[in-house]
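Asker: Quick one: sequence plus predicted model below, questions after.
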Amino acid sequence: GQNIDQPTEMTATEGAIVQINCTYQTSGFNGLFWYQQHAGEAPTFLSYNVLDGLEEKGRFSSFLSRSKGYSYLLLKELQMKDSASYLCAVRYTNAGKSTFGDGTTLTVKP
Amino acid sequence: DGGITQSPKYLFRKEGQNVTLSCEQNLNHDAMYWYRQDPGQGLRLIYYSQIVNDFQKGDIAEGYSVSREKKESFPLTVTSAQKNPTAFYLCASSMRGSDNYGYTFGSGTRLTVV
């Protein structure tokens, strides 16, 4: 299968910056997504990367290095509401479907 | 407003019983997907469909069945052959050619075997 690895848990302080890493198998890569999922709710789309580099969307940015099979999600000016699970998902080939990592549970503390 | 609707929100199944989870979207999306999520884990793909009257197995299709008779609807049946069906089931849709918007998810169905 296409293993997607991300840390299980992270903790950060309100107002700080946190980086959540994701590594994946590069063969057949055709796009990477980040989703946010609050406890008991459905995931919501955050970002999409298919070319190398940084994509910025307000407080959230996502970076991709295709040659290294590596991405990160950067969250700035953390707020308590950012406490959630962050899912990295990779689309392989052009089949449309995505494979998800197990998610990183982020806890933001005052 | 456009969206994707799953029902019911909670479902209880007895041993040996088949149950069907509903998923309807009015986003005019071509592709629809069913994922299963177990506690503390990511999403695993059950079935997906890119066009009407066609669907493909995902990574964990055994014990499940689907149909795609209409563009708007993609129901999932959990059969008695699925030995461990208790999980959170998520339906999603996407528009082909608009990949940078990712999936739109429904609010999910939480299935429990009693």
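Answerer: All right, it came through fine. Numbering: from 1, shown residues only, chains lettered A, B, ... in the order given.

Asker: Get me the contact residues on chain B for chain A.
Answerer: Counting by Cβ under 8 Å from any Cβ of the partner chain, chain B comes close to chain A at B:31, B:33, B:35, B:40-45, B:48, B:50, B:58-59, B:90, B:94, B:96, B:99-108. Just so you know, the C-beta spots here come from the backbone N, C-alpha and C atoms, and that holds for glycine as well.

Asker: Inside helices: which ones of the residues you listed?
Answerer: Residues of the residues of chain B next to chain A located in helices (DSSP state H): none.

Asker: Which among these count as buried?
Answerer: B:31, B:33, B:35, B:42-45, B:48, B:50, B:58, B:90, B:94, B:99, B:102-106, B:108 (16 or more other Cβ atoms under 10 Å in any protein chain shown).

Asker: Rounded mean pLDDT for the helix or strand hosting A:T105, please.
Answerer: Counting by DSSP states H and E, the element that carries A:T105 is strand A:104-109. For strand A:104-109, mean pLDDT rounds to 97.

Asker: same question, stretch B:82-99
Answerer: In this model, stretch B:82-99 has a mean pLDDT of 86.

Asker: cool, stretch B:105-114 as well?
Answerer: Stretch B:105-114 shows a mean pLDDT of 94.

Asker: quick one: terminal-to-terminal distance for that stretch?
Answerer: 27 Å (Cα to Cα, to the nearest Å).

Asker: Would you mind pulling the contact partners of that stretch?
Answerer: Residues from elsewhere that reach stretch B:105-114, judged by Cβ atoms under 8 Å, 6 or more residues apart in numbering or on different chains: A:41-44, B:4-15, B:19, B:21, B:23, B:25, B:78, B:85-92.

Asker: Ok, stretch B:83-98 next?
Answerer: Residues outside stretch B:83-98 that contact it (Cβ under 8 Å, 6+ apart): A:42-43, A:96, B:4, B:6, B:13, B:21, B:23, B:25, B:27-38, B:43, B:46, B:50, B:63, B:74, B:76, B:78, B:101-106, B:108-113.

Asker: And for A:L64, nearest residue in space, chain neighbours not counted?
Answerer: A:N49 (3.7 Å; Cβ to Cβ, 6 or more residues apart in numbering or on different chains).

Asker: Who does the one you found form a beta bridge with?
Answerer: According to DSSP bridges, the partner residues bridging A:N49 are A:L32.

Asker: can you tell me which residues contact it?
Answerer: Taking Cβ under 8 Å, 6+ apart, we find A:N49 in contact with A:31-32, A:55, A:62-64, A:71.

Asker: want to try JSON lines for these, with secondary structure, pLDDT and neighbour count as columns?
Answerer: Listed next are the contacts of A:N49 as JSON lines, based on DSSP: H, G, I helix; E, B strand; the rest coil; pLDDT from 0 to 100; neighbours: other Cβ atoms under 10 Å in any protein chain shown:
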{"residue": "A:G31", "secondary structure": "strand", "pLDDT": "92", "neighbour count": "19"}
{"residue": "A:L32", "secondary structure": "strand", "pLDDT": "95", "neighbour count": "24"}
{"residue": "A:E55", "secondary structure": "strand", "pLDDT": "93", "neighbour count": "16"}
{"residue": "A:S62", "secondary structure": "strand", "pLDDT": "97", "neighbour count": "23"}
{"residue": "A:F63", "secondary structure": "strand", "pLDDT": "98", "neighbour count": "20"}
{"residue": "A:L64", "secondary structure": "strand", "pLDDT": "98", "neighbour count": "22"}
{"residue": "A:S71", "secondary structure": "strand", "pLDDT": "98", "neighbour count": "24"}
